[in-house]
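Participant: Here is a sequence with its predicted model. Questions after.
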2 protein chains.
Amino acid sequence: MSSSPALDALIEALKCLPGVGQKSAQRMALHLIERDQAGARRLADATSNALDKVSHCQRCRNFADSEMCEICANDQRDNKLLCVVESPADVLAIETSGAYQGLYFVLLGRLSPLDGFGPEQLGLEVLETLLDEGHVKEVILATSATIEGDITAQFIADIAHKYDAQTTRLARGIPLGGELEYVDSGTLSRALSGRQQYQT
Amino acid sequence: MSSSPALDALIEALKCLPGVGQKSAQRMALHLIERDQAGARRLADATSNALDKVSHCQRCRNFADSEMCEICANDQRDNKLLCVVESPADVLAIETSGAYQGLYFVLLGRLSPLDGFGPEQLGLEVLETLLDEGHVKEVILATSATIEGDITAQFIADIAHKYDAQTTRLARGIPLGGELEYVDSGTLSRALSGRQQYQT
């Protein structure tokens, strides 16, 4: 118990953040109140605003402030490319790389019958509506490199073929900066079988 | 840039928390929006409420929701003991230990002329008013075990003596669970010179 119930409530509330326990929450709360009240105000407003505004894009199921997200609404982006990912975090990761200018479709999960995730949960009818428009020429299967991710990719590929879209899968291999010595054998085997002509 | 400006704003706002960079902020924002909207609402309300309510106790300078903090206002606490600490975080730490039932005085800093912290910044006139009431019989000097902390303790002790209060300093020694092998030599020397009669 601290000297201020409002401060206690703030510490308690901060503990809902992932990776934040009692000690970190105390440190964060004291920082906000002692040293960064403007930041605290911004945090309160941004959280409340995000809760009110953020919903899912009706086209790609990513987070959006209105019916259509900023990426789908941007006509500078290449609507012939569709990258299918598992979660909004994956979209953020790809956007940060700056290497992709097409559109996305977010499954919000992956096929995993044990966790109750079947085809119905992945919004595949929304995906089919999108493919049915006929713009998409290539579907990039960017689900994760796990068994469930591979099965999901296979499932999406079957749908894409119905709409005559080409399908590609993200390259597997050694990550940038990876030292051969520490790369696991599965990755190494994929990197060998997927070796490419050396460009001189 | 994500697909939702409101989500971007939330990520940006979370970065004001200590120890939170871009990646952690993304993870926290997505967690709040995807998985814990109730927690996010609590966080927004608690932050905004704390900003509106939390100020400093006029008696002990700790955080408080009204003119006097919960600790000063609690008449179950022993007003003959006054523990002088540097920051509200120190009060939280001592309260968590459960070993102290007296009152506190928070300096909100320590004497450190290089950082612009002289006696005026430590609210010593508030401390003198408190001591002048005549309840306090013992002042526990719980400033940190650093050079600045020691000098601050000396300064407070001089004031306390003017009001005929006894002064004590937190014991120095080996921390609980500390292995002798890894304890630094300064601590070890203090632990030796401050050795106590073994209770059988």
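Facilitator: That came in fine, so what should we check first?
Participant: State the mean pLDDT of the lengthiest strand in chain A.
Facilitator: Ordering each strand of chain A by length in residues (DSSP state E) puts strand A:78-85 first. Averaged over strand A:78-85, pLDDT sits at 94.
Participant: list the helices and strands it packs on?
Facilitator: Using 3 or more C-beta pairs under 8 Å, 6 or more residues apart in numbering or on different chains; DSSP states H and E, the elements in contact with strand A:78-85 are helix A:88-97, strand A:102-106, helix A:124-132, strand A:138-141. Using the backbone N, CA and C atoms, a C-beta is placed for each residue, glycine as well.
Participant: distance between the helix or strand bottoming out on mean pLDDT in chain A and the chain's centre?
Facilitator: Using mean pLDDT, DSSP states H and E, helix A:185-193 stands out as the lowest-scoring helix or strand of chain A, at a mean of 87. Its chain's C-alpha centre and that of helix A:185-193 lie 25 Å apart, by C-alpha atoms, centre = their mean, to the nearest Å.
Participant: Other residues contacting stretch A:166-178?
Facilitator: A:137-142, A:145, A:153, A:156-157, A:160-161, A:180, A:183, A:187-188, A:190-191, A:194 (C-beta atoms under 8 Å, 6 or more residues apart in numbering or on different chains).
Participant: try 6 Å
Facilitator: With contacts defined as C-beta atoms under 6 Å, 6 or more residues apart in numbering or on different chains, stretch A:166-178 is touched by A:138, A:139, A:140, A:141, A:142, A:157, A:160, A:183, A:190, A:191.
Participant: tally of neighbours for the third one?
Facilitator: Other residues lying near residue A:140 total 21 when counted by other C-beta atoms under 10 Å in any protein chain shown.
Participant: Roughly how far does it sit from residue A:55?
Facilitator: 25 Å (C-beta to C-beta, to the nearest Å).
Participant: The last one now?
Facilitator: With distances taken as C-beta to C-beta, residue A:191 is found 41 Å from residue A:55.
Participant: repeat for the fourth one
Facilitator: Remark: distance between residue A:141 and residue A:55 (C-beta to C-beta) = 26 Å.
Participant: List buried members of the contacts of stretch A:166-178 by neighbour count.
Facilitator: A:139, A:140, A:141, A:142, A:157, A:160, A:191 (16 or more other C-beta atoms under 10 Å in any protein chain shown).
Participant: Widest-spaced pair of these?
Facilitator: Maximum pairwise distance among the buried ones among the contacts of stretch A:166-178 (C-beta to C-beta): 26.1 Å, between A:160 and A:191.
Participant: residues contacting the nearest residue to residue A:149 once chain neighbours are set aside?
Facilitator: Spatial nearest neighbour of residue A:149, excluding adjacent residues (C-beta to C-beta, 6 or more residues apart in numbering or on different chains): residue A:143 at 3.9 Å. Residues counted as contacts of residue A:143 (C-beta under 6 Å, 6+ apart) are A:86, A:110, A:149, A:152, A:153.
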